[in-house]
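Participant: Only the shape, not the letters, is given here:
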Ligand SMILES: [Mn+2]
């Protein structure tokens with residue numbers, strides 16, 4: 001028995017308001033359908049977020065139906081659960097996944113949540129509803145995105161699973177849309193391992209979606225990652241699908257396959273040494289050219305020419321040595337577009353401003369610039385008022401000692417004696 005596990009397809013995501021990006025999400029799903037058919041799987045599992053939004057546009061629905069119909073025609077069942085993106089906005093409403101379920105294109109699994117707890121009913125082909133579906137000796141149990149109530153629901157399900165009829169089942173897959181805590185630290189609210197572990201004896205494969213980063217825990221919990229890139233945060237990960245082989249004896253093997261995606265590239269420019277806007281623009285141009293050369297082969301390797309132009313982000317970081325009003329971000333973006341010819345280019349300005357009085361065109365040495373920067377930092381700190389020059393000299397001295405790998409104790413002594421002198425000095429002043 002073999003199945004393909006995907007999640008976070010996000011059909012309908014017209015990223016950056018670009019038609020090409022809308023198409024990319026559709027192509028990625030189409031590719032997975034083709035892969036499922038090529039690999040001769042017995043089921044396709046979609047662990048939530050087939051759609052990017054609850055309100056689905058006609059073209060998005062066509063993308064979904066085209067792929068699902070191909071699987072339907074080949075007799076490959078599709079198992080799906082609601083994600084946080086494609087649930088109905090109000091509980092009484094039907095979602096577009098419900099619609100696909102009614103059409104017989106997906107098996108949309110969910111327990112019934114009664115006041116007494118979760119009820120697990122077998123899939124009913126006439127009613128087109130149920131909490132679990134058996135395919136051969138593999139049982140798929142589906143739980144939708146539940147947010148904060150997920151831990152309690154999973155606890156209830158762990159209690160109910162042993163009571164289900166055995167029916168020759170050797171392997172149980174739990175499909176749900178939830179993150180595991182700590183996998184993406186900036187995304188809080190995931191399940192703790194201790195909240196999933198009660199399922200350990202009853203479930204052999206936890207098929208997750210939600211976090212767009214791929215991960216696997218203990219050959220037990222699997223999250224394939226998003227098929228296309230929804231934000232730069234996930235661009236660094238090799239995302240795709242799990243192709244899972246379940247032996248009759250109940251052992252399994254899961255292989256993570258990376259799908260074709262549009263490349264998202266970042267070019268980082270440290271602006272500290274650019275004394276003028278012109279110097280910054282030339283550095284941007286040089287680094288963008290270098291990045292383009294570096295990624296040429298990767299881009300050429302993408303089989304579909306329509307998907308070759310990347311999305312490129314220019315990150316400007318460090319301390320700006322001239323007035324911010326002189327920095328033209330649109331000009332920097334224009335250089336990026338000119339030199340890389342990306343599908344989409346954007347500038348992420350992370351520079352911090354020191355507000356230094358560096359004259360336009362001033363030809364500063366590194367030492368002079370450094371002294372200016374230190375002096376400005378100290379000038380802004382009220383504790384050092386009246387001692388700007390001494391403190392600047394002290395900072396340069398400490399930096400010099402640190403670079404020469406002077407003993408920390410000796411550096412401390414330098415600081416201590418100077419600062420003490422400064423304090424005494426200020427007593428006299430007042
Ligand atoms: Mn998602």
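Facilitator: Yes, it's here. This is a predicted model, so every value here is computed, not measured.
Participant: At which residues are the helices of the stretch 251-400 of the chain located?
Facilitator: With DSSP state H, counting those that start in this stretch as the criterion, the stretch 251-400 of the chain has helices at 277-300, 329-340, 366-379, 388-403.
Participant: Next one: residue 392 from residue 379, what distance?
Facilitator: With distances defined as C-beta to C-beta, to the nearest Å, the gap from residue 392 to residue 379 amounts to 9 Å. In short, each C-beta sits where N, CA and C put it, glycine included.
Participant: Could you verify that residue 150 is part of a helix?
Facilitator: Yes: counting by DSSP: H, G, I helix; E, B strand; the rest coil, residue 150 falls inside a helix.
Participant: Out of the helices of the stretch 251-400 of the chain, which is closest to the ion?
Facilitator: Checking the helices of the stretch 251-400 of the chain against the ion by C-beta to the ion gives helix 277-300 as the closest, at 25.2 Å.
Participant: orientation of that closest one relative to helix 329-340 in degrees?
Facilitator: Here helix 277-300 points in a direction 40 degrees away from that of helix 329-340 (axes from the mean of the first three to the mean of the last three C-alpha atoms, to 10 degrees).
Participant: circling back: and the helices of the stretch 251-400 of the chain: which comes nearest residue 245?
Facilitator: Closest approach to residue 245 among the helices of the stretch 251-400 of the chain (C-beta to C-beta): helix 277-300, 30.0 Å.
Participant: Same question for that closest one: list its buried residues.
Facilitator: The neighbour-count check on helix 277-300 (16 or more other C-beta atoms under 10 Å) flags 277, 280, 281, 283, 284, 287, 288, 291, 292, 295, 299 as buried.
Participant: just those residues that are near the ion?
Facilitator: Intersecting these with the surroundings of the ion, defined as C-beta under 5 Å from the ion, gives nothing.
Participant: right, and the pair among these with maximum separation?
Facilitator: Across the buried residues of helix 277-300, no pair lies farther apart than 277 and 299, at 30.0 Å, counting by C-beta to C-beta.
Participant: Next one: residue 68 from residue 76, what distance?
Facilitator: When residue 68 is compared with residue 76 (using C-beta to C-beta), they lie 10 Å apart.
Participant: Between these two, which has more neighbouring residues?
Facilitator: Under the neighbour definition other C-beta atoms under 10 Å, residue 68 and residue 76 were set side by side, and residue 68 has more, 23 against 19.
Participant: Format the helices of the stretch 251-400 of the chain as a markdown table; extra columns: distance to residue 42.
Facilitator: Compiled in a markdown table, the helices of the stretch 251-400 of the chain are given as follows (distance: least, C-beta to C-beta, whole Å):
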| stretch | distance to residue 42 |
| --- | --- |
| helix 277-300 | 34 |
| helix 329-340 | 44 |
| helix 366-379 | 64 |
| helix 388-403 | 63 |
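Participant: quick one, what contacts the closest residue to residue 206 other than its chain neighbours?
Facilitator: The shortest distance from residue 206 to any residue other than its chain neighbours is 4.3 Å, reached at residue 221 (C-beta to C-beta, 6 or more residues apart in numbering). Taking C-beta atoms under 8 Å, 6 or more residues apart in numbering as the definition of contact, the neighbours of residue 221 are 180, 196, 206, 208, 215.
Participant: do you know how far residue 221 is from residue 46?
Facilitator: Residue 221 sits 17 Å away from residue 46 when distances are taken as C-beta to C-beta.
Participant: same question, residue 90
Facilitator: Residue 90 sits 23 Å away from residue 46 when distances are taken as C-beta to C-beta.
Participant: do residue 316 as well
Facilitator: From residue 316 across to residue 46, the span is 39 Å (C-beta to C-beta).
Participant: Looking at these two, which one has more neighbours?
Facilitator: Comparing residue 316 with residue 46 by other C-beta under 10 Å, the one with more neighbours is residue 46, at 30 against 22.
Participant: What pLDDT does the model give the residue nearest to the more buried one when sequence neighbours are not counted?
Facilitator: Sequence neighbours aside, residue 80 is the residue nearest to residue 46 in space, at 4.3 Å (criterion: C-beta to C-beta, 6+ apart). Note on residue 80: pLDDT of 98.
Participant: Can you name the residues that contact residue 80?
Facilitator: 45-46, 48, 50, 97, 100-101, 106-109, 142, 175.
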